[in-house]
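Colleague: this one's structure only:
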Ligand SMILES: [Zn+2]
């Protein structure tokens, strides 16, 4: 064991309250990243709340040294999610990804008018709409009532309920099992893996397939993407960890691929364990081997992450201090989500950033969580002509740069903080 790990071991011994791994039940003993105390990343502060206290919760992420599942401490508080802000519209990149995804998957599994597609966490139906357009029977399951209503309005049949094993039972009992079950970005935010995975298993028709997408832990580690980490996410999956977890609930990963989308995404295809219709593709073993080669089954890899996160913080602060000393005007693009973790971890407030803008208007007149930077309309960019625009939502950075390339007219430049700070001229 290296000195670093011994040092970390001492600290984690003190934190024996971390609890047990949600994947395999063994005690969690190793820190992956301790980002300190953070507010809920989606909760904007109103003017009335400015004089009030704001709840902060530990953002301490562990890695299980038995099944390699990276997870938040199950015993730490997280507060209640703010459903209002979580209902932000999908970005153009996500809509385009959904369109491409649907075409690929329809071809791959030869779906037609006799097929039945279910999506868990179907948002406002922006993905399922592509199946409806192809006359494929589908059903969305979405816990947020306003999103479910918007989906129905757009012609996508949707149940306004959370995806649970009990609901899967109900649907299966009424003969509504799926040929294709889509559960993108559902696994990382699951509060109960057993309930989710048992529900998926129950809802598959014989020969049916579940397709799951989630951020790729390998990309998170290598790309230093600590800004993904927040209280909305319970888990951060490698294929190695995902395969181990799904196998405990009667499912088998029969195919997997890495996609460049959103900074690195894993797409895994699941079927029932004994389903002979879907032999396991060699790509699964290949990707698992690749994760092993890149150190995802070695504690030392995880132990090195925190130092890289701190280095990114120093880089960002170094840039901001220098810019302010030169009298530069710096603003942020992005008011919640990934930006909140980054700004709070770095302690960047109005001492560095004059304001924040975002494409959705729900933040106007409010303040960023924790850091309390005023959120103003996008038009302020043209009015105040900032020298630097710090882009916080990494998955939208190309979209943001092309939509606002007019800042170059007055010599403005875009800055992207992760994986390492980069100024675009
Ligand atoms: Zn485990």
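Modeller: On my side now, so go ahead. These numbers were taken from a predicted model, which means no experiment stands behind them.
Colleague: How is the chain partitioned into domains?
Modeller: Using automatic domain parsing, the domain parsing of the chain gives 3-79, 86-301, 324-424.
Colleague: Mind putting the ones you listed into a markdown table with distance to residue 312, mean pLDDT and mean neighbour count?
Modeller: All C-beta spots, glycine's among them, are computed from the backbone N, C-alpha and C. Listed next are those as a markdown table, based on distance: least, Cβ to Cβ, whole Å; pLDDT from 0 to 100; neighbours: other Cβ atoms under 10 Å:
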| stretch | distance to residue 312 | mean pLDDT | mean neighbour count |
| --- | --- | --- | --- |
| domain 3-79 | 11 | 83 | 17 |
| domain 86-301 | 6 | 94 | 19 |
| domain 324-424 | 6 | 94 | 19 |
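Colleague: Which one of the ones you listed lies nearest to residue 317?
Modeller: Ranking these by distance to residue 317, with Cβ to Cβ as the measure, places domain 324-424 first at 6.0 Å.
Colleague: ok, residue 331 touching residue 353?
Modeller: Yes - under the criterion of Cβ atoms under 8 Å, residue 331 makes contact with residue 353 at 5.9 Å.
Colleague: Report the buried residues of the longest helix seen in the chain.
Modeller: Criterion DSSP state H: the longest helix present in the chain is helix 305-325. For helix 305-325, the neighbour count (16 or more other Cβ atoms under 10 Å) marks 305, 306, 308, 309, 312, 313, 315, 316, 319, 320, 323 as buried.
Colleague: State the distance from the second one to residue 63.
Modeller: From residue 306 over to residue 63 the distance is 11 Å, taken as Cβ to Cβ, to the nearest Å.
Colleague: which residues are common contacts for these two?
Modeller: 31, 32 (Cβ atoms under 8 Å, 6 or more residues apart in numbering).
Colleague: on that earlier part again, and of the domains of the chain, who's closest to the ion?
Modeller: domain 3-79 (3.1 Å; Cβ to the ion).
Colleague: wait, does the closest one contact the ion?
Modeller: Yes - against the ion, domain 3-79 shows contacts by Cβ under 5 Å from the ion at 21, 23, 24, 64, 66, 67, 69.
Colleague: Would you list the phi and psi of the second one?
Modeller: Here the main-chain torsion angles of residue 23 (degrees, to the nearest 10) amount to phi -90, psi -50.
Colleague: For it, which residues are in contact?
Modeller: Residues near residue 23 by Cβ under 8 Å, 6+ apart: 64, 67, 69, 71, 193, 241, 244, 245, 248.
Colleague: Quick one: residues contacting the first one.
Modeller: By Cβ under 8 Å, 6+ apart, the contact list for residue 64 reads 21, 23, 24, 26, 28, 30, 70, 71, 241.
Colleague: Could you dump the residues you listed into JSON lines and include secondary structure?
Modeller: Shown next, in JSON lines, are these (DSSP: H, G, I helix; E, B strand; the rest coil):
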{"residue": "21", "secondary structure": "coil"}
{"residue": "23", "secondary structure": "coil"}
{"residue": "24", "secondary structure": "coil"}
{"residue": "26", "secondary structure": "coil"}
{"residue": "28", "secondary structure": "coil"}
{"residue": "30", "secondary structure": "strand"}
{"residue": "70", "secondary structure": "strand"}
{"residue": "71", "secondary structure": "strand"}
{"residue": "241", "secondary structure": "helix"}
